[in-house]
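*Asks:* Sequence and predicted structure, then a few things I'm wondering about:
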Amino acid sequence: MADQISVTLPDGSSKGLPAGATTADLAASIGRSLAKAAVAGVVNGHEVDLTAPLPDGAEVSVITDTSEEGRAVLRHSTSHVMAQAVLQLWPGAKFAIGPPVKDGFYYDFELPDGQHFTDEDLERIEARMREIVAEDQPFVREEHSVDEGLELFADQPFKVEIIHGVREADTADTGDMAATEGAEAGVVSAYRNTDRFVDLCRGPHVPSTKRLGHFKLLNLAAAYWRGDEKRPQLQRVYGTAWESKAQLDEHLWRLEEAKKRDHRKLGEELDLFAFDPDVGRGLPLWLPKGTVIRDELEAWARETERRWGYQRVVTPHIARGALFRTSGHLPYYQEDLYAPIDIDGDDYYLKPMNCPHHHMVFKARAHSYRELPLRYAEYGNVYRYEKSGALFGLMRARGFTQNDAHIYCSKADAKEEFLAVMRLHAYYYEALGIDDFHMVLALKDPKNTEKYHGDDDMWEEAERLTRDAMEESGIPYVEELGGAAHYGPKVDFIIRSAIGREFAASTNQLDLYMPERFDLRFTNAHGVQEHPAVIHRAPLGSHERFVGFLLEHYAGNFPTWLAPVQVQVLPVAADHREYARGVVDRLFDDGYRVELVEADEPLGARIRHGKLQKVPYILVVGGQDIEGGTVGVNHRGDERPDRDVPIDEFIERLRAEVATKARW
RNA sequence: GCCGGGUUAGCUCAGUCGGUAGAGCACUGCUCUUGUAAAGCAGAUGUCGUCGGUUCGAUCCCGACACCCGGCUCCA
């Protein structure tokens, strides 16, 4: 056996090391800072512990703690520390799985005797975790046979179940869990910290608990064992962990910021919308100020769509069951519909989507190819019976208004029309300052084909057209198996808010199926009847979700064109009221949303109230302004006021800002 | 829908070992007449989420339900 080995580094160079050298040794031989930052290695494409000996000739790279892979290792190791702490504090507790997730980790537990964690327990667990970290416990990898593994975890039923997965593993697909949890191909791997604590795990892990420490436990939640609502419900403890205190603090700051930007909180503070149990769960009431935002968005979309060749239609909120049986919503999606209303012995349903009604609009007249494409737009109110636990403010409501339209065109034009819709999305997003978005192409799940209607040729054609259009759009996208609509592939636009949270803004589909189902037809150039293609699109999604998103994205600071109150005028003292009134009237006549704030409170207090309401412009007018025909301009976000601005100059600034839909 | 935690004034929250309750902000009135992020005084405000049970007595204990929050599941 040679006493030297040679490994290849990511840059293609090779490096000689003594036999038995590890990734840690490799990192140390390259540099001290790399050695310090290293948390694991990748050997021939597999993640390994720093302490694992390197095989001769391997391709090796070092995972550092600032990479997402490195953080995942830290988080995974931290989850083991948490499990150890919990098992020590609650003897007899059962532990299930504890993977790293985005920004942190969790672990699922079942406490003995029906006990459950409380928020105070998080501090106890965390305190014990800090002791474990201070104890500098090693993570030592062990490999066992299946039988040894079953013995080792004999009192841990969830671990036993995972290991049993291995029995079938030799031939069958065990699913991801068995693999990530350390039971693969007849070998059970585990990581031991002390005589008393060992956890089933694939690894890799940091060499010692002292490598950890920048973590915090965040919240408790419930989770089903293996995500199956028929299986036992466990208690999940979520935490976050980072490579440095600075990163941890920044993440905690982001969480605080997310709370401040919570659209439900802002909606209340800014008087935008409300819910009332007597109206019904998930049924938002738009207050006057919130309605301004909705209306402005809608007016803009209406004008934009007029220019882009859409026509408006209006359809009822309900329809007979017959319509939804044709569309396939009944009986397939019956659970998601509000219960039927009996009218003269016939069943009527609140519409969950606008498309069936729009198809009937199309069908109301005969069409020639010369008229196509026909683009029917409607801000249609739809109602869906969302599960109560899924409701989330405006983001997931049971009644909402879609910025909806359906485009009827020939298959030959479908790609170009689809592309135009994507351009329209990009246009809207750019105007609103949404600069981080991508698309997801949801295809049908090949393992579960009976869920989908229509034949293979149709699906293939729809997929091809969709993918071609996406390619041509230049907008980044990913593909995802499963998740298609029952009638065709689906494109979701995912938009990311200023604090990095992602939302599915809208779903767009190229649909070759419903036209057959509804027997929609047009006469082509050869005088032959043909089915059109249909594009379902809603760039602004639902007004509810979109305004909720914008609330978070802007932190409530709506650009002036959308702001419920655009300008407040504050006379310094009662003597200046008449002048202030004149300024207000002028702005009002020009169509702005403006308020006079009487001088019955000190100026500072009135300024403060306006700022808290996030009013873009607070104008202060006093004796000096009366003399010069000026206003004192307080622009939202600016530290200092801009004094003695001629009123005409201010109005021009306001006009330009609103006309261009400027962000600030 | 499932599990856990909640629900006290418009909002944020305190409190009652079971004897029907309080603060700050907001609100109303009066005074102050203010040049850039909280003027002063006074006042009013609650079925203590709803219904039922236990009790001499329930906001408090028990049960059911409603709603909210965190997740899970779901999401045309």
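*Replies:* Now that the structure is in, tell me what you want to look at.

*Asks:* how about low-confidence regions in chain A?
*Replies:* Screening chain A residue by residue with the criterion pLDDT under 70, one finds the ranges A:1-2, A:114-115, A:119-120, A:166-185, A:229-230, A:448-450, A:664.

*Asks:* doesn't A:Leu17 make contact with A:Leu54?
*Replies:* Yes: counting by C-beta atoms under 8 Å, A:Leu54 does reach A:Leu17; the two are 6.8 Å apart. (Each C-beta comes from the backbone N, C-alpha and C, glycine too.)

*Asks:* For these two, list the residues in contact with both.
*Replies:* Here A:Leu54 and A:Leu17 have A:5, A:7, A:26 as joint contacts, going by C-beta atoms under 8 Å, 6 or more residues apart in numbering.

*Asks:* Show me those that map onto helices.
*Replies:* Taking DSSP state H, the ones among the shared contacts of A:Leu54 and A:Leu17 that sit in helices are A:Leu26.

*Asks:* Nearest to RNA strand B, out of the shared contacts of A:Leu54 and A:Leu17: which one, please.
*Replies:* Nearest to RNA strand B among these, counting by C-beta to the nearest atom of the strand, is A:Leu26 at 37.1 Å.

*Asks:* Can you get me a residue count around the closest one?
*Replies:* Applying other C-beta atoms under 10 Å, we find 24 residues neighbouring A:Leu26.

*Asks:* can you pull the contacts of it?
*Replies:* A:7, A:15, A:17, A:41, A:54, A:60, A:62.

*Asks:* Any chance of the shared contacts of A:Leu54 and A:Leu17 in JSON lines with distance to A:Gln233 as columns?
*Replies:* Formatted as JSON lines, the shared contacts of A:Leu54 and A:Leu17 follow (distance: C-beta to C-beta, whole Å):
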{"residue": "A:Ile5", "distance to A:Gln233": "50"}
{"residue": "A:Val7", "distance to A:Gln233": "47"}
{"residue": "A:Leu26", "distance to A:Gln233": "45"}
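
*Asks:* between A:Leu54 and A:Leu17, which one's more packed in?
*Replies:* Remark: of A:Leu54 and A:Leu17, A:Leu54 carries more neighbours, 23 against 18, as counted by other C-beta under 10 Å.

*Asks:* could you check the distance from the more buried one over to RNA strand B?
*Replies:* The spacing between A:Leu54 and RNA strand B, counted by C-beta to the nearest atom of the strand, to the nearest Å, is 37 Å.

*Asks:* same question, A:Arg640
*Replies:* Taking C-beta to the nearest atom of the strand, one finds A:Arg640 at 7 Å from RNA strand B.

*Asks:* what's the distance between that residue and A:Val314?
*Replies:* 50 Å (C-beta to C-beta, to the nearest Å).

*Asks:* cool, A:Trp90 as well?
*Replies:* To A:Val314, A:Trp90 is 61 Å away according to C-beta to C-beta.

*Asks:* do the same with A:Phe650
*Replies:* 40 Å.

*Asks:* Is A:Leu122 in contact with A:Leu217, as I believe?
*Replies:* Yes: using C-beta under 8 Å, A:Leu122 is in contact with A:Leu217, at 4.4 Å.

*Asks:* returning to what we had before: of the contacts of A:Leu26, just say which sits nearest to A:Tyr452.
*Replies:* Relative to A:Tyr452, the closest of the contacts of A:Leu26 is A:Gly41; by C-beta to C-beta it sits at 43.4 Å.

*Asks:* For RNA strand B, what's its nearest residue on the stretch 51-200 of chain A.
*Replies:* For the stretch 51-200 of chain A, C-beta to the nearest atom of the strand, closest residue to RNA strand B: A:His116, 5.1 Å.

*Asks:* Setting the sequence-adjacent residues aside, check what's closest to that residue.
*Replies:* A:Gln235 (5.7 Å; C-beta to C-beta, 6 or more residues apart in numbering).

*Asks:* hey, C-alpha coordinates of the helix or strand that contains the one you found in CSV?
*Replies:* Here A:Gln235 sits within strand A:233-242, counting by DSSP states H and E. What follows is strand A:233-242, C-alpha atoms only, in CSV (Å, rounded to 0.1, in the frame of the first residue of the first chain):
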residue,chain,number,x,y,z
GLN,A,233,-48.9,13.9,14.9
LEU,A,234,-45.5,15.0,16.3
GLN,A,235,-44.3,18.2,17.8
ARG,A,236,-41.8,20.0,15.7
VAL,A,237,-39.2,22.4,17.1
TYR,A,238,-37.8,24.9,14.6
GLY,A,239,-34.5,26.6,15.0
THR,A,240,-32.1,28.6,13.0
ALA,A,241,-28.3,28.2,12.8
TRP,A,242,-25.5,30.1,11.1
